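Enquirer: Got a sequence here, can you model it:
(one chain, ligands or ions: 1)
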Amino acid sequence: MSDKKRVSRRQFLNYTLTGVGGFMAAGMMAPMVRFAIDPVLKSQEGGDMHSVASIDEITNEPQRVEWTIEQVDAWYESEVQKTAWVYKDEKGDVVALSPICTHLGCTVDWGSQEEYPNQFYCPCHGGRYTKDGVNVKGTPPTAPLPYYESKVKDGMLYLGDTISRKGE
Ligand code: FES
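Expert: From the prediction side, this is the model:
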């Protein structure tokens, strides 16, 4: 073997330490890079929108739709049940409302009271909302039901996060 091809003990140690150091640095940087570009990846995936119903099944009458999402809190993963009231307005646009009463968080029903057949009703303290989710004056809620962020794609309704609305 010629002297040119020989690797000294010092060179071998330098190469090895540089390789191991580079490998460890890449391992530490990968999660940071993933965290930094996560919003970009999420927007390409369509964000956190979930397919909840076929658009053809939605009528002018509010109907309750349910779906499940995976929720990750640190190392704990769980399934969370979500609910919305959905209907088509006079223009044919889909309206998706949160069922959570803005008074103290009970769940509202549609048309469950004979006296108020075309309103959302909260059984906890008698809160009422009109069909578009606006709170009826003189009842406990002081703000409308939040909307769900929504989109229609390939004949399916997708819902995302809720968007709060201000009371008057
Ligand atoms: S929680 Fe709905 S009216 Fe009070």
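Enquirer: near the ligand, which residues of the protein show up?
Expert: With Cβ under 6 Å from any ligand atom as the criterion, the chain comes near the ligand at residues 101, 103, 104, 105, 106, 122, 124, 125, 127, 140, 141. Backbone N, C-alpha and C define where each C-beta goes, glycine included.
Enquirer: ok, and the most crowded of the residues you listed?
Expert: Within the residues of the chain next to the ligand, most neighbours by other Cβ atoms under 10 Å means residue 122, with 26 neighbours.
Enquirer: For the closest residue to that residue other than its chain neighbours, list the residues it contacts.
Expert: Using Cβ to Cβ, 6 or more residues apart in numbering and skipping residues adjacent in sequence, the residue nearest residue 122 is residue 101, 4.2 Å away. By Cβ atoms under 8 Å, 6 or more residues apart in numbering, residue 101 lies in contact with 107, 108, 122, 124, 127, 141, 145.
Enquirer: For residue 101, give me the pLDDT.
Expert: Looking at residue 101, its pLDDT stands at 98.
Enquirer: Could I get the phi/psi values of it?
Expert: Main-chain torsions, residue 101, degrees, to the nearest 10: phi -60, psi 140.
Enquirer: ok, now residue 18?
Expert: Dihedral angles phi and psi of residue 18 (degrees, to the nearest 10) take the values phi -60, psi -40.
Enquirer: Tell me how far it lies from the ligand.
Expert: Distance of residue 18 to the ligand, given as Cβ to the nearest ligand atom, to the nearest Å: 64 Å.
Enquirer: Could you do residue 60 as well?
Expert: For residue 60, the distance to the ligand - Cβ to the nearest ligand atom - is 25 Å.
Enquirer: Tell me how many other residues crowd that residue.
Expert: Neighbours around residue 60, by other Cβ under 10 Å: 10.
Enquirer: mind giving me the domain ranges of the protein?
Expert: 3-45, 50-163 (automatic domain parsing).
Enquirer: Need the winner for burial among those.
Expert: For these, the largest average neighbour count (mean count of other Cβ atoms under 10 Å) is found in domain 50-163, namely a mean of 15.
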